[in-house]
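K.L.:
with the input below, show me the fold.
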Amino acid sequence: MASIFDVVLYVLIFLSVYVQVFFFVTFLENRKKIIIRNGKTKLKFYPAVTIAVPCWNEENTVEKTVRSLLNLNYPKDKIKILLLDDGSSDNTFKVIKRFEKYPNIKIFHKENGGKYTALNLALQNTETDFFGGLDADSFADSESLVRIMSYFEKDPEVMAVAPSVIVSGPKSIIRNAQKAEYNMGVYLKKMLGFLGAINVTPGPLTIFRKKVFDDLGYYRHGYNTEDMEIAYRMQKNNYKIEHCNDAFVHTNTPGTVRKLFRQRLRWIYGFINNTIDYKNVLFRKKYGNFALFTLPMGVISIASVSYLFGRIIYNLVHFLYLKIVQLKVIGFNFSVRSFNFDPFFVNTQFFIFLIIFIYLLVIFSIILGRKMTEGKWNLSLDMLYFFPVFGLIAPFWLLKAVYNTILQRKPAWR
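P.N.:
Model (predicted):
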């Protein structure tokens, strides 16, 4: 008879399979709607757009960020750029001052108050009908804005459009692992867009109708994940969010395990606590797939990883304990035995096949995401890096985020 622990394991594995299959079925139903444009995109009408670049100690990247905006394939007189130094302690302000001669650029300097306060200052100085931000460590592709704006042109009900964020110039194992993850993220974000269930409007060049902030209020702290909190608020008020899969924004990602850990700790902590704040939308049909799928999916993912990691640690400790007992009883006995493979001893329990099935669907997600970003179907080394890097490290930031939430410890920004 199965123990309660086995039952929990089977339930979590089933739910994990369900999530992956749900994404796959969504893809099959909507694959013909996924458009990847080549060359220059044209609009019938070019609305004026304000793009804010909040900066905090970004002296090494902000110039490239601003130049990527100046190189956008969009009428120059229709783009208003606001550069906001949020109390940097390095030379960020000196760098952005170099752009003060441009007629469509305004520069602001304020005391450090967090990214959301810089964005709110930009909103207070926005006179256009469309507003977006671009993180100062990210670089917009020249076609990104015009492709995003085509979604607003096509559907007046669309209130925000998120781009595809991809890794800029990965040259290490950690960054290449993230490249595979970000490629998968492009696929998943597009599927969530089809479902009307996007839960993050990322800082790199998500564009909003200004009406969103006029109706719902400005950005909030959101546990240092203001881009997640505003998406939750929009979903609660049934504001439509789309994903433009062929609008690419390149971003610098953490290059060390320590920096990656701190970034993901902040993200997961933000997800947990924003979900707690918006817990009244969970499983309520009127909030659509955001409430019925996205949020439960995130909670299930955290619970599954935490439980499976706990089981692995428990089994490892139990194994070591038995070996220590064996060593005390019979002493050290070293012998070399020849290895003969016998399929009879292969574990054929059903849940093993389910786990393999989950991994195959994850690989499919990465491959499809790569097709959407690079136009390539083949496997890459990024996938080989992805599984060990995230398999070994992710459980720790998930558990740490849960621990911080319980003890109400706020993680640092960097």
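
K.L.:
could you use CA atoms for every contact and neighbour count after this?
P.N.:
OK.

K.L.:
regarding this structure, what is its longest helix?
P.N.:
Longest among the helix segments of the chain by residue count, using DSSP state H, is helix 295-330.

K.L.:
for Ser138, which non-adjacent residue is spatially closest?
P.N.:
Closest residue in space to Ser138, ignoring its immediate chain neighbours: Thr251 at 4.1 Å, by Cα to Cα, 6 or more residues apart in numbering.

K.L.:
ok, back up a step: what's the spacing between the longest helix of the chain and its chain's center?
P.N.:
28 Å (Cα atoms, centre = their mean, to the nearest Å).

K.L.:
can you pull the buried residues of that helix?
P.N.:
With burial defined by 16 or more other Cα atoms under 10 Å, the residues of helix 295-330 counted as buried are 295-298, 300-309.

K.L.:
circling back to that earlier point, ok, the residue nearest to Ser138 to Trp377 distance?
P.N.:
23 Å (Cα to Cα, to the nearest Å).

K.L.:
so which of those two has more stuff around it?
P.N.:
Set Thr251 next to Trp377 and count neighbours by other Cα atoms under 10 Å: Thr251 wins out with 20 against 14.

K.L.:
got the end-to-end distance for stretch 273-285?
P.N.:
Stretch 273-285 stretches 22 Å from its first residue to its last (Cα to Cα).

K.L.:
let me know the pLDDT of the most far-flung residue of the chain relative to its centre.
P.N.:
Of all residues in the chain, Ile330 has its C-alpha farthest from the mean position, at 52.3 Å, by Cα atoms, centre = their mean. pLDDT, Ile330: 75.

K.L.:
can you give me how far the longest strand seen in the chain is from the chain middle?
P.N.:
Scanning the chain for the strand with the most residues, using DSSP state E, yields strand 240-251. Put simply, strand 240-251 sits 12 Å off its chain's centre (Cα atoms, centre = their mean).

K.L.:
helices or strands up against that strand?
P.N.:
strand 138-140, helix 144-154, strand 158-167, helix 173-195, helix 350-374 (3 or more Cα pairs under 8 Å, 6 or more residues apart in numbering; DSSP states H and E).

K.L.:
pick the most buried one from the ones you listed.
P.N.:
Among the helices and strands packed on strand 240-251, strand 138-140 has the highest mean neighbour count (mean count of other Cα atoms under 10 Å), at a mean of 27.

K.L.:
give me the sheet partners of it and which way each runs.
P.N.:
strand 240-251 (antiparallel) (DSSP bridges).

K.L.:
which other residues reach the partner strand?
P.N.:
With Cα atoms under 8 Å, 6 or more residues apart in numbering as the test, strand 240-251 has contacts from 34-37, 137-141, 143-145, 147-148, 151, 157-168, 186, 189-190, 193-194, 196-198, 204-205, 234, 372-373.

K.L.:
what angle do it and helix 144-154 make?
P.N.:
170 degrees (axes from the mean of the first three to the mean of the last three Cα atoms, to 10 degrees).

K.L.:
what mean pLDDT does the helix or strand following strand 240-251 get?
P.N.:
Counting by DSSP states H and E, the next helix or strand C-terminal to strand 240-251 is helix 257-277. Mean per-residue pLDDT for helix 257-277: 96.

K.L.:
can you pull the buried residues of helix 257-277?
P.N.:
Neighbour counts using 16+ other Cα under 10 Å place 260-275 of helix 257-277 among the buried residues.

K.L.:
re earlier: which of the helices and strands packed on strand 240-251 sits closest to Trp413?
P.N.:
strand 138-140 (16.9 Å; Cα to Cα).

K.L.:
ranges for the strands of the stretch 1-150 of the chain?
P.N.:
49-55, 79-86, 105-110, 130-133, 138-140 (DSSP state E, counting those that start in this stretch).
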